[in-house]
Structures are given as structure tokens and as C-alpha cells.
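*Asks:* Sequence unavailable; structure follows:
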């Protein structure tokens, strides 16, 4: 198992290097450079030249990228070109906010989605099934920033129950979590419903019943035991997506998260910050996926034995 | 627990259910109610099974064999299927009248079942040992450890090395899986074992091993056996009595001797004729013309009439009543109303 | 292949394709969700056609400062915006952007995705590895970030927004195409096609792709829902279509300042985005059940 | 049970949504004139709140006067509180002694400053002439910062004694005292910088010291006990950046902000609300339309005259800022109420027939003119201008750029835009004219290159105050009114909402507001 995780992380390094190269190239193509954000009114031409040389903007992009890569390989993510603060300090300061927001939204989503999924599976075909799936579908198609704004208007502007921006207390978590979590409900509900329906058609349930296993135990041990696997994968993917920090929700709620930091970095052409954010988010994202795989193996023996033999064949669905 | 002590443990188990008839099915009728049609799967099946004896339920696919087995275990999936009438007594208790909790006590303890496709009959995320131990813990107040030891014994009994108890189903071949299913079924030494075409999904060599293993266990555990199959060879090897099913009704039943050697019902004769005869390889096979009738629109009178070479108009109106021809032999064919009626019988080997 | 034989296979495939489409349509019609989705989508397309024919660009940018922020009334069913323009006309006019993005970006994603996915799936070996690594790289860059950078480089107009959203979906399509090609490839009829001497490329695009079409269609419709939302998200962050053009995401972004007493400015565009995404998602589900019925049971 | 939860959830949501668009507050009447409320009467011995909070427009990631990445208008605001300048310029443009008790200069080239004694820095060091020397040296090699713009003109300095210094400029500059009186030209401490590069720049001689900085989010300032000047009236001052406008208005309503900018749209809502006080000031920023003089169409005078006769400034102001602002009073391109403004230059009034005549005469025949804008309020006014231009048949398209793209698209050498709708701070100082009107400067959005103007500006910078300088500026304004490279539209009025009983802040047209003496009375009448 350890060998497999190590191998997967190693494989991750080249991908990250290509990602940084792409971002550097894209940011270089974008009109305007970091110096343009600093030009004050009285600056003369040679002042601008001096600044450009300070950020190596007069040299071709490859030189800058080479220098950045050099630092990166020595583990130094460099510092934001604008403020001089290291990328790591700014990222680590904002990362808990995004992480907690994602986790709570996921919990909110899962807390509503699993029962809804089981409900829909149990009453499959009846009106309840249609209603729950329709509500879940609505959650999927509702733009989360619009939902965020509506919740902001109703609950903090008119009813003044929840604060409008991030103030560290749990209350300021509520609205963003609902806005962010609502979209997750749909996919997790659908996944729960279809995987439960699939599992309840399997023969080994009949064997269990023939053994005299009581119906309740059939559901908990045999049915859910097998239904968990696709659900966990879906939850893992959902977590991966939100860990990227949804810049939109963070803008609506002035949430000091990583997503907003990236938007800021791009609008101010701060390449090192943008690359730093992407690297760290992508690493977090792949760690989460790795975690999901390990949980996957813990639950599903068939996968675990594949690890043991070292040949991990998983056709990506 | 040495091997000898296992036998004594099993023997005193059997004493509990002492009366002679272990399983009795009387006039069982099961229908599947679908949206636009009703499938009459079983239309009045009755048979008895004594202790330590084996009965074979033979018939083509769709004759209602599996539904009968599920009905005995009261496991017919209730949204479509309903047990219209009849009563099933297992060791003196009527399965159809019991409440679910009571049913759960009987299933696996007094009566258990083996299914056709071993590949999907085992829970993929539980070890083989756990699945056997689960059945033991359900029915006997034993500790987890004891139950697991019992499971290892059962595995050895069915010819699987004990150490493999912690392996998972996907690490076993089809034949081995079927042995595990059998081990699960016999874990609590039930009085009756229903085997629903246990070896159909296996290839011939494994089939022979599994069947002989089942035979030894039957002798050793004094279990009565209901063998459901469409393979007459299996019946000949395993069973004492035979019941031939056609379109949900028993058309002929009796001891092996009665049904094999002096077949009386045309359908049974047709079945034997469609078997290749090893001695007389040149003989031409005579398959039964036509197909099984549509269970949603069963013809009036004798359901076999259209395909029966002896059929008369009377057969098509009157539903043949089952008549007892000898102490053990019954047949349901209206042609026997005429005293001298005989069928050619199939050429004996 | 003599002409007679060709016409023969053509007729049979014609007949065969005919009833397959018919069968899919029949199953689709019975699924209530898909029907609702279809109705909403047709309504939106009708609105778009109506706006193309009857609403001119001047009409929705003319400014009269008298009736600004008028609440929804008979005369202005959706009320008016901060510059006194009729919100309903602007939303109808804006439907063309969202529809274009929905269909266009998925088209880009699908075409590029299928092309590379099927090649990766079919040839395998280092080609497969290379393409899959590129897909991994593309999927590890967060979608919104990619979209933002592309719009910043190319400038903020409809085509660039289309490309930005489309590029983000390519990785998904590549994986989907590869997976379905792998499953189809293992079937016999591909072997037989190769046996009669078909060239590799012809096999891919005449045998393999058509048969792996159903999962792709399903992903495409589902992807339409997500791309409408991500386009609106990009415009909301200011990286989408610029102000005077009434793109729904930009409308919501513009309405943020007046949320306090003109919430209808934010309410209606959001509703239409939701309807569009809802219709696509429902259609996606309906198609999924119609195309491979065994899933439905 | 679960069914009920689901139903309840979506019920609440629907009710909430309808409630949202149900209630209506009175829409603002565009013609309401902004009432400027006078600050409450002078504080007798009243109780004050210990903690005040302020919304700042910019995200402050780092505080360091010499770091080009840390420049924003917020520099001025926390500049007033953390640091002191040599000279303090108050609201009426009078120079009040600050770190320098006296200053004098004969030729406006060499200046002598007598310094205040006994002034303590936050880290306990005493303020001496050496600190000025350090600040000037450090400023001169930090281009791209505000402090560089102020002190780069100092060629050399001579420390007479610990509390006296002479500064010699490169060239005569009448406005040097004004330049160094701005809060963005603080005097920093040498020792603080050397031994703590990270927190060193925070050290100043101002009434507050910086207690905590959460990058891009908030600053916490605490009153400095042994401050040499007038002690602040509050203990703790928090500055926070909130991106979402609705969110910060809610926080103002819930008393989480003592002072907070409010958009023109929300003024009526706070105006007639007894809980709040509104302070307002008109920025000297002039919103303008800049024509690219180098391109054929916009370079053609007739086209510019056609546009001048089409735009309706009243409508632009109404739509863009709900009427809260001042329309350009004269044809002169100058700051609002700034010295040397030629008030009797005629303003070109809207006259569609004349506009059409000029358009015929111009070389324009239907091409699409690209209008570039970046700031939110300029985008709004651009849309109004576009609608007005279409009335006489000019097709336009809006090109919205973010700040860096705008800076690079309008760089002097390769400015490819047709019309730029922007706003610029126009001070009476030669330096701001230079940045708008002379070639090579980035703020010269009109790519205006008129040697006579350049010559006049140099002359004005050299002449000392008085009528001849005014004549030079008038001459410049006349040429601009005739050439119209820029077309002034309006001056923005900005509004700060404050809790009742809060005040004491000085609002400068340059946006560098002084909250050092801000206070909030516990229970106002």
C-alpha cells in the first residue's frame, strides 16, 4: 500500500511541473504585467524600466520560468511578486478557511443527501422518489453564487439572523456552507440511490436471508456494506472540487479563502502567487483522491488485493 | 475439535426434529402479479419428504421449480409474487403462517437453501469464514471465536483448507464458491436442505465432486434433501424419490424405481426420450415437440395436451386429477381413466 | 464490396438506425423528467428565437432614467434595471449567450475530447499514456482559474467565454471517450471489422465511436448544465461577457450593488440560469435512461 | 420523518425567496440633493467608545512605504495614523507645523527645516534629522512607490545639527511643501528598519501604532501613549476590507462598522435614518472622456466637437452615480474647486443638430468606436455615453479591462484605444498637469503631445505663486478647451456613513482621509 501511494505521489511531480509551465505561459500571454499594476501617476519611463528589470520582465519568459523552477525544486514556492510575502505564508493563512468551508459544506451535503438517496431508493418509482430527485436536481442546477446572494438577502439583510461576512464565529459559516453544499446534494443523492438499487438486486442478499439473517441486519451489513463504495468515490470527487476553493462563494461572502486569492493573483498578474496556489491546491486535491482510494481499499477487498499484487488497474469511469 | 468429535456434535443435533416427515408441501399455488398480466408459476404442488431421504424436482426451465423452493423458504419476493394458497410444514411448523422473526429462526437452522449461481451468491466484502460464522452465531449462542472455529470445520468438511477462511469470495473458483455456499447452508445442520440446481453453473468434473461431497454430507448430517434440477442424471445419482414438474404442476411422482423404470406420464417419457442413450448410440433422439405453454395464458385442461402424442379431446377439457397408481407412484394423466391404457415407455438402456 | 452488397448493408443499417432512434424517443417520452426538461429547453430556444427576431440591441441598451428600479409590474413583468431598461427583454436577449455557451462549449469539449479520447483508447501504448497524462494535467488546473486566464488573454467576448468553458471540460470528455472506447474495443465486432481489412482510423470512426455514443451523449447533456453554470460564474467574477451585453451571469453580478431594495434584478436572471441548467440536467438523465434501459430497472 | 425534513427545507427556501423580492424600499429619487450633515457640537467631557472600525477600499497585504507592491489609497489613511510628515496640510490647504516646527526657502530650490524635539518613535527611538536623511536615501532607490515620487526630487541634503536639515531639489518646485505634506511621504526610523525588516516599516511617530495586520483582510491600530501631538480619542482602531457591498452595508447597519463608504444608491436609506450620520466630500478627481489624438478618427477635431455636443453630463451623473456628484462647471479641465481654475471658460452644451453638423464634417462614416473603461463607475458612465452617442449615429462597443490590462493597453507608446472613459486626480500642482498632458506619461490617456503645453507647464512649475502662475495655468486651460483632448464630465461625490455620534474625521479630496482624531460619543442626543 505504501509503495503504491509513494509511486502515485512521485508520478504527481511531473504533472505539477507541466502545470506551472502552462500557467507561466498563459500569464505571460495575458495583456499587462505586474508592473502595470504598480504604475503611479508621477512615474517616468525609466522608473518603469527599472521596475521591469527588477521583476525580470525585460527577459524572455523562459528565463523567469527557469528561475522559478529552480527555487521550486529546492522546495521554495517563492514569494508573491507584489507584496513580497511568501506564497506559503499567505496560502497557509487562508487554507484552513477554505478547508473548513469545504468540509462543512460536504458534511451538510452528505447529511441531506444520504438519507434522501436511501429514501429515494426505498420508495423507488413512487412520487417521493420523483420529488427527492427533483429537489436534488434543483440543487445541482442552481448557480451557487445566486443561491448565496439570495440567502444573503433573506437571512442576513432582511431577517438579520446570520452575519453577512466572515467574522470567525460559527454563525458566519452557515450561509456559505448551505450555498456551497446545496449543489453537492444532487450528485450524492443520485449516486446513493442508484448504488442502493443496484445492490438490492444482488443474489447474496437472498443467500443472507436464506441464512435467516434478520432484514435489518441484511440492510445494514450486507446492503449498505456494498453500496458504500461508489458513494465514497462520489464524495471524494466532490471534496476534491470544493477544495479548489470556490472563488465565487468566497467573493459573495468575503470569505478569506484560497479561491479568492487566486482571482486576486490573476487580476494583479502575480504569477508566482497564482502558480503557488495551483500547486498547493492540486497537491491537496490529489492527496484527497489518494485518501479516497485508500478508504476505497479499506472497504472493498477486491481493490485491496489488487494493491497487494501491485497491479492497480482502475479504468477511470 | 478433532474430526470425530465433529460427528458426535452433528448427530445429537438431528435428534431435535424426530418425527418422520420432515417437509410437507400441500397444494401450493404461487402467482406473480405483473402490471398487465398474472404469471401462474406454481399451480398446486404437493409432496412429502421423510428424514434422510432425497427428492428430486425435475422439469424444464420455467416449470416453477425455483419458485417452489423459494415458497418453501417463504422467500418469494413479495412485490410481484404472492403465495395464493397451500401450506408448507417444516418439522411440524407451517412456514406461511409464521411471523418474520420466527421465520428467521427456522431459516438456516431447520431448513436452508443453496442457489444456482455461486459467482454472485457470496457477499464480496465479507470473508468466507465470516459468512459461515454469521449463520452459526445467529442460531446458536456461541462466542464469535467458537463460531469462527465452527466455520473452519465446515470449510474442511466441504473440502476447503481451513486457512482459507480469511480469504474473500473473489479469491475462489466457481466450484470452491459453491462448496462455501453449501458449507453456509449446512453450518447449523438443518433437517432439510433445498438445492436449487447447485451444479448447473459448474463444469462436469467439478459437478461430480460437488455432488459426491453433498451425498457424503447428507449421509453424515442426516439431512433431507430437495434437489431441484433439469438433469435426470443428477436425480438418478442423488435422489430416492422423483417428482416431475410441468407448467407448475407435478405430473408424475414416485420412487426412483417407479418413475425411471415404469414411467407412466407421456411428458416423463418424452424427457427420457430426449436423452442420448450411451449403449445405443445410433438411436435417433425424439425431442418433445413444441414449447412450454405461456404461464400467463395456461391452456384449459391438461397443460401438456398440445405436445402430448397420446392427447385426446377429453385431455383438453378436463384438468387431469392426480391418481395414485401404486403405494408410492402417482401420475396426473386423464388417459389412465381408460383401464388398459399404456404408454410405450422409453427404450431401456 | 459490390454495389449490391453495399446497398444491402446501407438499407439494413438505415432500418436498424431508424428504429433505434424511434425506440429511444419512445422511452424518452415516457420519462416525465425528460419531458419536462425538453419542454423547458424548447421554451428557452423559442425565447431566444423571439429575441433574435423582435428585440434589437438598441432597444435593450436605450437608457431612460425615469423609471429606474421599477418593481415587477404589468408593464415590466420583470421590472427594470439600474438604467431603466426592461429586464425581461434583456434576459430574453441574454438567452442567446447562455444557449451558445451551453451548446458551443460542450461541442468544443466533445469534439476535442472524443478525438483524443478515442485515439488514446484505441491505440493504447505510449499514445494512450501521453494523452492521459495531458488530461491529468488539464484536470489538475482548477476550472475557474483556467477560464479566468483564458478570458483575460483572449479578451472578454462570447467566443472566448465559449472556449474558456469548453477547454475546462475537455479532460472529462477525453476520459469518458477513452473508457467507452476501451469497453467497445474489446467486443468481437471490432475484431471482425479489422479482419475484413478496414483501416484503423475507419474502424475508430465508423465502428467504435458510434457504439460508444450513448455514454457520450449523456455526459454531453450533463456537461451542458455545468458549463452554463461555470460561464455564469466566470461572468459573475467579471471574466465573462462585458456589461452592456445582458449575459445572465453579468446581470447577477451587476445586481449585487442593489440587492437591498431591488432584489428582482438578481432574482430573475438567476431563475433563468437555473431553468436552463435544470432542463439540461433532466434531459441528461432522461437520455441516460432511454439510451441504456437496463440502468433504469 | 425524512420526508418532512425535505418538504420543510424547500418550503423555507421558497418563502425566503418570495420574501426577498416582496418588500420594497423607496427607490432613490435622483434629484435629491445630498445634505451634508454638520459634525455634532465640540465634545465636552463626554464618554467615548474605546474601539472604532472603518471599511477601507483596498486590501492591505503588507505595510512598507518602500515596497512598490504595497501602494494604494489606504497608504494615506493609515499613513495619517502611524506616521507623521514634516508638514501637515489641513482641509483649507494651510500648512501646519508637524515634525518640522519652521521651514523656509528663498528660491524654492533649497529648503531649511527646523525640527521638533522630544518626538518619540513607537520603538522608543527619538526622532532626529538622521531619520529624514535615511528616509530620503531609501525613497530614492524605491521607484514605483508614492514616497519615491515625493522625495526623488531632492538632489541632496545637509544635516546642520540634530534638529535642523537643509534639502536641495534638482529643480525649482513651488509645490515642494505641498508634496511632502501628503501622508504618503512619512518620515521613517533607521534603527527600526535595520533590526526588523518585517515589522520595522510599521514603526512611525504617529498617534497610533500597528498592533496586528491580517494580510488582505484587516489592520488593528492601538493608541500610542507618549505621542507628541494631540492624543487620539479612542483606544483601538480597526480597519477592515469587505469585498461584497451588501455585506458591508449590513455590517454598518449592525454597528460592526463605525465608518463605512456607502454607494450613492443607498444614501436615501441612511440619510433619513436617525441611527446614522452621513459625511460627504467631492473628490477633485475629474471624470473625463479621453480621445486618442494619434488615431485618425478621434484625432479629427470635428469628431471630438460632435461628441462634445452630444454628451449630456446631467444624464451621465444621474445614471452612473444617482445624481450624487458635481457636473464639471466650466470648460476648464481642472480639479474640483482647486486653485487657478478658469471659471469663465464656456462649457460646450448638448446640441444634437450642431453635433450632427460636426459629424458630417468629420471623417467618421460608421466605423465602430471602441470605448475602454476599467473602474465600475466609469463602466456605468461609459454605457450612458454609448447610448447618447448612438443618438447621432456613432456605433460604439464597450471594452472592459481590468487594471493591469488597462495600464498596458493605454501605455503612452502603443495606446491603441479610441476613447477611454476614466477619472484622474487633478491637483493644482505642476506634477499632475505633467502626468496628464506631457508625452511619455502613463496617465496621458489621450496621447496628447503639444510642445506649447509642455513648455507652459515647465514655466508654471518654476514661477513662484501669484498672478503670473495663474495666467500660465489659464493659458493651458484655454488651449485644452480649444483642442479638447479630454472632455471633463463630472466630479464624483463620495459618502461615508457613520454611526450617530461618530465624527472627527477630516475628508480630503485626495482620498487620504485623516481619522487620527476620530471619535464616537457614547450616547449622543
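*Replies:* Received it, and whenever you're ready, just let me know what you need. Keep in mind that what you see is a predicted model, and the values were worked out from it rather than measured.
*Asks:* Can you read off the pLDDT for the residue nearest to residue D:64 when sequence neighbours are not counted?
*Replies:* Closest residue in space to residue D:64, ignoring its immediate chain neighbours: residue D:201 at 3.9 Å, by CB to CB, 6 or more residues apart in numbering or on different chains. Any C-beta I mention is one placed from the backbone N, CA and C, and that applies to glycine too. pLDDT recorded at residue D:201 is 87.
*Asks:* what's the burial count for residue D:201?
*Replies:* 24 (other CB atoms under 10 Å in any protein chain shown).
*Asks:* Contacts only, for residue C:79.
*Replies:* Taking CB atoms under 8 Å, 6 or more residues apart in numbering or on different chains, we find residue C:79 in contact with C:69, C:70, C:71, C:72, C:73, C:87, C:262, C:264, C:265, C:268.
*Asks:* Buried ones from those residues, can you make that a PyMOL selection?
*Replies:* Typed into PyMOL, the line below selects the buried ones among these, using 16 or more other CB atoms under 10 Å in any protein chain shown:
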select buried, chain C and resi 69+70+71+72+87+262+264+265+268
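*Asks:* Could you list which of the contacts of residue C:79 also contact chain D?
*Replies:* For chain D, the contacts drawn from the contacts of residue C:79 by CB under 8 Å from any CB of the partner chain are C:69, C:70, C:71, C:72, C:262, C:264.
*Asks:* Just these: which are in helices?
*Replies:* Members of those lying in helices (criterion: DSSP state H): residue C:264.
*Asks:* With pLDDT and distance to residue C:41 added, can I get the ones next to chain D among the contacts of residue C:79 in JSON lines?
*Replies:* Formatted as JSON lines, those follow (pLDDT from 0 to 100; distance: CB to CB, whole Å):
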{"residue": "C:69", "pLDDT": "80", "distance to residue C:41": "32"}
{"residue": "C:70", "pLDDT": "82", "distance to residue C:41": "30"}
{"residue": "C:71", "pLDDT": "83", "distance to residue C:41": "30"}
{"residue": "C:72", "pLDDT": "84", "distance to residue C:41": "25"}
{"residue": "C:262", "pLDDT": "82", "distance to residue C:41": "29"}
{"residue": "C:264", "pLDDT": "85", "distance to residue C:41": "24"}
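*Asks:* Now do the contacts for the residue of the stretch 201-349 of chain B found nearest chain C.
*Replies:* Going by CB to the nearest CB, chain C is nearest to residue B:296 of the stretch 201-349 of chain B, at 19.6 Å. Residues near residue B:296 by CB under 8 Å, 6+ apart: B:37, B:38, B:39, B:40.
*Asks:* how many other residues sit next to the closest residue to residue D:383 other than its chain neighbours?
*Replies:* Nearest-residue entry for residue D:383: residue C:244, 5.3 Å, with adjacent residues in sequence omitted and distances by CB to CB, 6+ apart. The tally of other residues near residue C:244 (other CB under 10 Å) stands at 22.
*Asks:* Now render the contacts of residue B:296 as CSV, adding distance to residue C:201 and pLDDT.
*Replies:* As requested, the contacts of residue B:296 are arranged in CSV below (distance: CB to CB, whole Å; pLDDT from 0 to 100):
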residue, distance to residue C:201, pLDDT
B:37, 50, 84
B:38, 54, 86
B:39, 50, 85
B:40, 56, 85
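*Asks:* Let's see the PyMOL selection covering just the buried ones among those residues.
*Replies:* Buried residues within the contacts of residue B:296, by 16+ other CB under 10 Å, are selected in PyMOL with:
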select buried, chain B and resi 39+40
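*Asks:* What about the contacts of residue B:296, which are in strands?
*Replies:* B:38, B:39, B:40 (DSSP state E).
*Asks:* Would you mind giving the domain segments of the chain?
*Replies:* Defaulting to chain A. A:2-73, A:88-316 (automatic domain parsing).
*Asks:* look at chain D instead
*Replies:* According to automatic domain parsing, the domains of chain D span D:84-202, D:286-492.
*Asks:* and which of the ones in strands among the contacts of residue B:296 is nearest to chain A?
*Replies:* So of the ones in strands among the contacts of residue B:296, ranked by how close each gets to chain A (CB to the nearest CB), first place is residue B:39, at 18.8 Å.
*Asks:* which residues touch that closest one?
*Replies:* Residue B:39 touches B:31, B:32, B:295, B:296, counting by CB under 8 Å, 6+ apart.
*Asks:* from the middle of its chain, how far away would the helix or strand the first one falls within be?
*Replies:* Per DSSP states H and E: residue B:31 is located in strand B:21-33. Chain-centre distance of strand B:21-33: 13 Å, with CA atoms, centre = their mean, to the nearest Å.
*Asks:* what's next to it, contact-wise?
*Replies:* B:38-51, B:64, B:67-68, B:71-72, B:76, B:80-91, B:111, B:191-192, B:224, B:226.
*Asks:* Can you give me the neighbour number for the closest residue to residue B:136 other than its chain neighbours?
*Replies:* Closest residue to residue B:136 apart from its sequence neighbours, by CB to CB, 6+ apart: residue B:147 at 4.2 Å. If you count neighbours by other CB under 10 Å, residue B:147 ends up with 21.
*Asks:* ok, which stretches of chain B are helices?
*Replies:* Counting by DSSP H, the helices of chain B are B:3-14, B:65-72, B:100-106, B:128-139, B:144-157, B:174-186, B:204-221, B:232-238, B:256, B:266-273, B:313-317.
*Asks:* export these to CSV and tack on mean pLDDT?
*Replies:* Below are the helices of chain B laid out as CSV (pLDDT from 0 to 100):
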stretch, mean pLDDT
helix B:3-14, 42
helix B:65-72, 87
helix B:100-106, 85
helix B:128-139, 88
helix B:144-157, 88
helix B:174-186, 87
helix B:204-221, 83
helix B:232-238, 85
helix B:256, 87
helix B:266-273, 83
helix B:313-317, 81
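*Asks:* Tally up the residues packed near residue 119, please.
*Replies:* Unless you meant another one, I'm taking chain A. 22.
*Asks:* nope, chain C
*Replies:* Residues near residue C:119, counting by other CB under 10 Å: 20.
*Asks:* Now it: which helix or strand?
*Replies:* Once you assign secondary structure using DSSP H and E, residue C:119 falls within helix C:87-123.
*Asks:* Run through the neighbouring helices and strands of that helix.
*Replies:* On a contact count with 3 or more CB pairs under 8 Å, 6 or more residues apart in numbering or on different chains; DSSP states H and E, helix C:87-123 meets helix C:32-54, helix C:57-61, helix C:125-140, helix C:158-185, helix C:213-236, helix C:248-255, helix C:264-291.
*Asks:* Would you mind listing the residues in contact with the residue in the stretch 101-250 of chain B that chain D sits nearest to?
*Replies:* As assessed by CB to the nearest CB, chain D sits closest to residue B:101 within the stretch 101-250 of chain B, at 24.1 Å. Applying CB under 8 Å, 6+ apart to residue B:101 gives the contacts residue A:214.
*Asks:* Check the spacing between it and chain C real quick.
*Replies:* 31 Å (CB to the nearest CB, to the nearest Å).
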